[in-house]
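*Asks:* Take this sequence and fold it.
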Amino acid sequence: YPAERRALILADAGVTLLLTREALNAELAADQVGDADPMDLKTTRDGVIYLDRDSSAIARYPATNPTVSLHPLHLAYLIYTSGSTGRPKGVAVNHRNAVHSTWSRLTGYPEPVKAYLLLSSFAFDSSVAGIFWTLAQGGCLYLPHDDDSKDPVALAALIEQGRISHLLALPSLYAVLLEQAPHTLSSLQV
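*Replies:* Prediction:
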């Protein structure tokens with residue numbers, strides 16, 4: 001995303017702790033998020049934890065899942081609109097809505113997702129739905145390389161190789177895939 005959009009989202013969401021990798025932090029303005037002490041996460045404010053650089057400090061934490069008390073109305077994730085009609089707006093999705101959306105897909109589609117090819121950004125609302133739908137069934141989530149996601153021949157090969165059962169794409173991409181290699185798409189289901 002453009003730097004302006006990233007800055008707006010970080011500020012609007014009130015981000016106080018950012019998990020990232022060192023190479024990606026170069027894209028963030030220094031005044032948006034500061035450095036954090038990965039050994040003192042409870043007191044970190046306005047900090048960054050680098051999953052690569054700080055891996056040895058992170059490894060000293062217990063490998064067990066923390067005990068967390070959740071309520072259906074607690075925030076599950078925050079997603080931002082495209083901003084095509086103005087300033088992007090954050091949309092809060094609670095656990096109840098995320099579970100309801102996933103359950104509707106699980107019960108509404110006759111065949112389980114064996115392999116889902118994620119073609120759009122994981123920050124896109126339909127992508128989030130596809131991710132939960134796939135993983136809730138134990139399906140395999142395929143994330144193509146950036147170069148492959150724009151190459152119909154590479155996508156057709158990935159669909160055939162991964163025996164992709166589901167994907168979500170624009171109708172124009174479906175048409176190009178059908179034109180390029182219709183025989184490689186036999187694993188796709190409705």
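*Asks:* contacts for the helix or strand residue 100 falls within?
*Replies:* In this assignment (DSSP states H and E), residue 100 forms part of helix 95-108. Here helix 95-108 makes contact (C-beta atoms under 8 Å, 6 or more residues apart in numbering) with 70-77, 128-129, 132-133, 136-137. The way it works is simple: take the backbone N, C-alpha and C, and place the C-beta from them, glycine included.
*Asks:* Following the chain onward from that helix, which element is next?
*Replies:* Taking DSSP H and E, what comes next after helix 95-108 is strand 115-117.
*Asks:* For that following strand, the averaged confidence score.
*Replies:* The predicted model assigns strand 115-117 a mean pLDDT of 95.
*Asks:* Give me the contacts around the helix or strand that comes right after it.
*Replies:* Using DSSP H and E, the helix or strand that follows strand 115-117 towards the C-terminus is helix 125-135. Residues outside helix 125-135 that contact it (C-beta under 8 Å, 6+ apart): 77, 79, 91, 93, 98, 101-102, 105-106, 113, 115-116, 118, 120-122, 139-141, 166, 168.
*Asks:* Tell me the buried residues within those residues.
*Replies:* By neighbour count, with 16 or more other C-beta atoms under 10 Å, the contacts of helix 125-135 hold 79, 98, 101-102, 105, 113, 115-116, 118, 139, 166, 168 as buried.
*Asks:* Among these, pick out the one closest to residue 189, please.
*Replies:* When the buried ones among the contacts of helix 125-135 are compared for distance to residue 189 (C-beta to C-beta), residue 166 wins out at 6.4 Å.
*Asks:* how big is the angle separating the helix holding residue 100 from helix 125-135?
*Replies:* Relative orientation of helix 95-108 and helix 125-135, computed by axes from the mean of the first three to the mean of the last three C-alpha atoms, to 10 degrees: 60 degrees.
*Asks:* thinking again about what came up before, okay if I get the buried ones among the contacts of helix 125-135 as JSON lines plus distance to residue 17?
*Replies:* What follows is the buried ones among the contacts of helix 125-135, written out as JSON lines (distance: C-beta to C-beta, whole Å):
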{"residue": "79", "distance to residue 17": "19"}
{"residue": "98", "distance to residue 17": "21"}
{"residue": "101", "distance to residue 17": "27"}
{"residue": "102", "distance to residue 17": "26"}
{"residue": "105", "distance to residue 17": "31"}
{"residue": "113", "distance to residue 17": "32"}
{"residue": "115", "distance to residue 17": "33"}
{"residue": "116", "distance to residue 17": "30"}
{"residue": "118", "distance to residue 17": "26"}
{"residue": "139", "distance to residue 17": "31"}
{"residue": "166", "distance to residue 17": "34"}
{"residue": "168", "distance to residue 17": "31"}
